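Enquirer: predicted model and sequence below, questions to follow.
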Amino acid sequence: NGTQESRELSTAFDGVWDFRITERLDRKGIPLEMNQSGATITGCLGTIEISGTVNGAIARATGVDTRDGRPSAFIFVADEEGSVEHNLDLSERRAQAVVDNLIERGFAAANISATGKGESQPLVSPDTTETARELNRRVEISCAES
């Protein structure tokens, strides 16, 4: 019973990518091209023609290989960066979760402080790659002696 909040429709499913299997990142990928029009996507992955719908940050699609008619099913997830305010709030909540966990493990609450860090205080610059962004998303913990 109840209702679910509607999610903002992602617009990230429009473009061309080099699709690679995670275990084989050293090999050349298959071209993935998608065109998004509102909540509808169409495109191709190599010889597979795809079509589907977008709901929030998730796209569900089916495909048919043009060589042999073999069907496929896909789920694509948009990895969009949030706003500065959203990311700061998320970072602070993560920091508080770390403090709460340390307190549960027996550390004195008065001796622990944690802050979320990110875009405003990067460790790695420029923050233009996913690896750099991951390194910059962090929680810093300070512990005082009792």
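Expert: Received the coordinates, thanks. All figures in this text were calculated on a predicted structure; none of them were measured in a lab.
Enquirer: name the helix or strand for residue 86, please.
Expert: Residue 86 is part of helix 84-104 when elements are defined by DSSP states H and E.
Enquirer: mean confidence for that helix?
Expert: Mean pLDDT, helix 84-104: 81.
Enquirer: what does stretch 136-146 give?
Expert: So the average pLDDT for stretch 136-146 ends up being 76.
Enquirer: ditto for stretch 107-124
Expert: 80.
Enquirer: so for that stretch, what gets flagged as buried?
Expert: 112, 114, 116-118, 122 (16 or more other Cβ atoms under 10 Å). For every residue, glycine as well, the C-beta is placed using N, CA and C.
Enquirer: helices and strands around the strand or helix carrying residue 140, which ones?
Expert: According to DSSP H and E, residue 140 maps onto strand 138-143. Applying 3 or more Cβ pairs under 8 Å, 6 or more residues apart in numbering; DSSP states H and E, one finds that strand 138-143 makes contact with helix 84-104, strand 112-117.
Enquirer: angle of it against strand 112-117?
Expert: With axes from the mean of the first three to the mean of the last three Cα atoms, to 10 degrees applied, the angle from strand 138-143 to strand 112-117 works out at 160 degrees.
Enquirer: does residue 144 touch residue 107 like I think?
Expert: No. Under the criterion of Cβ atoms under 8 Å, residue 144 is not in contact with residue 107, lying 10.6 Å apart.
Enquirer: just name the most buried of the helices and strands packed on strand 138-143.
Expert: Using mean count of other Cβ atoms under 10 Å, the stretch among the helices and strands packed on strand 138-143 with the largest mean neighbour count is strand 112-117, at a mean of 17.
Enquirer: just the angle between that strand and helix 84-104, please?
Expert: 160 degrees.
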